[in-house]
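Visitor: sequence and predicted structure, then a few things I'm wondering about:
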Amino acid sequence: MGFPGTWMTESESMVYRVVPKCACSTIGQIMYYSDHGKFFDGDIHDAQDGLHKWARDESQPLIRDNVRTHSSYAFTCVRNPYTRILSSFFDKICGIQRNGKRYRGKLVPLLIQKYGIEVGGDDGKQEFDQIQSFRRFLLFARDTIRWRRPMEPDIHWSAMSGHVSTFIANGGTYDRIFWTEQFNDGMQEVLNATDTPHKVDLDAIPRFNESEGHGPKRAHPVEDYFDDLSMHLVYEIYHRDFNLFKYDFEDPSNKMPTGEIDLDEVHAKLGE
């Protein structure tokens, strides 16, 4: 199976397992800058050179050899499951993507028809009942993850532990897993532990939020979107994420982690 979703700097200073909706655009740009002294001009997900990616055939042997011998510092980044699934809804379901079209073509019409979701009209800018539509989307996300119907689960709302686990199951070892909610602290630890061709000043790095502006703005506090049933669904889908990455399931308004991530526990439970 290899190491899907894994990026590595060309200097092999660091290896990163991408977890969608967890600051991956910013992390990718920092990696690119640390090698080249400049940012990639465009969305880093589109970069075909300057950064090794498992999706590029020529990068695969280099990534495989590096990860299996643990030659470089390996890390990933996670996010509160409540805010992550909300972000996926507003970006991927309600938003117009950077190609000017809806995400995955027929996905949104399917959701409108089968689940009664509203998305803010053709341009995503009209008023609609965000809470009602989000809760219906949550049912759809659960159906895709639990029963793989009406489609396979999408990487943007499948569990973070699933993304993180493929790296471990195929022979990788993480040196660090940090939280988007404490991004600078976590990314600084990665940079302190690596020797990069170009020094990175995190305070001067812009945030590359490629999904920002795609969809409508969230109109309510996070906790308003999650009633008792929604919280039950979220726990059904993401219970491993809450437990392994130390987030507070009981309080959707608390996006901050409640304890330290135990890397030994992560490797043991996700490497099974």
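Guide: Everything's here; your move. Numbers count the residues shown, from 1 in each chain.

Visitor: was I right about Gly271 contacting Ile168?
Guide: Yes: counting by CB atoms under 8 Å, Ile168 is a contact partner of Gly271 at 4.4 Å. From N, CA and C alone the C-beta is placed, and that goes for glycine too.

Visitor: those two: who's more crowded?
Guide: Ile168 (18 against 14; other CB atoms under 10 Å).

Visitor: for the helix or strand hosting the more buried one, list every residue counted as buried.
Guide: Assigned by DSSP states H and E, Ile168 falls within helix 160-169. Of the residues in helix 160-169, 160-161, 163-168 count as buried by neighbour count, 16 or more other CB atoms under 10 Å.

Visitor: what's it in contact with?
Guide: Residues outside helix 160-169 that contact it (CB atoms under 8 Å, 6 or more residues apart in numbering) are 1, 3-6, 17-20, 22, 67, 74, 76, 78-79, 81, 84, 155, 174, 177, 238, 240-241, 244-245, 266-267, 270-271.

Visitor: pull the distance from that helix to the chain's centre.
Guide: 12 Å (CA atoms, centre = their mean, to the nearest Å).

Visitor: and the average pLDDT for that helix is what?
Guide: Across helix 160-169, the average pLDDT comes to 97.

Visitor: which residues in this protein form helices?
Guide: With DSSP state H, the ranges of helices along the chain come out as 24-36, 60-68, 81-88, 107-115, 130-147, 160-169, 183-192, 228-245, 263-270.

Visitor: now the last one: how far from the chain's centre is it?
Guide: The reference is to helix 263-270. Distance of helix 263-270 from the chain centroid (CA atoms, centre = their mean) equals 19 Å.
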